[in-house]
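Student: missing the sequence, but the structure's below:
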């Protein structure tokens, strides 16, 4: 599926922004859990798996 592959190759900017905001709020001592959850929901953890290549597998189905 072309749309699915295009979405996976993009940089998760919004998710990373929320993760950075969660880190800043954590260091300040404010409420940070909501920002962490939003960062995960918007794909911020995808930044850690961007460099990994798959061996031809498109999805797990």
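Tutor: Thanks, I have the structure now. This is a predicted model, so every value here is computed, not measured. Numbering: from 1, shown residues only.

Student: Give me the helix or strand of this protein that scores worst on average pLDDT.
Tutor: Sorting the helices and strands of the chain by mean pLDDT, DSSP states H and E puts helix 2-9 at the bottom, at a mean of 56.

Student: quick check: longest helix of this protein.
Tutor: Ranked by residue count and defined by DSSP state H, the top helix of the chain is helix 13-28.

Student: in that one, what counts as buried?
Tutor: By 16 or more other CB atoms under 10 Å, the buried positions in helix 13-28 come out as 15-16, 18-19, 21-22, 25. In this view, the C-beta of every residue, glycine as well, is placed from N, C-alpha and C.

Student: Specify which member of those is nearest to residue 43.
Tutor: Taking CB to CB as the measure, residue 43 lies nearest residue 15 of the buried residues of helix 13-28, at 4.2 Å.

Student: OK, contacts around the closest residue to the closest one other than its chain neighbours?
Tutor: The shortest distance from residue 15 to any non-neighbouring residue, by CB to CB, 6 or more residues apart in numbering, is to residue 44 (2.8 Å). Listed by CB atoms under 8 Å, 6 or more residues apart in numbering, the contact set of residue 44 reads 12, 14-19.

Student: now do 10 Å
Tutor: 12-22, 35-36, 38 (CB atoms under 10 Å, 6 or more residues apart in numbering).

Student: Tell me the pLDDT of it.
Tutor: Note on residue 44: pLDDT of 81.

Student: Many thanks, I have nothing further to ask.
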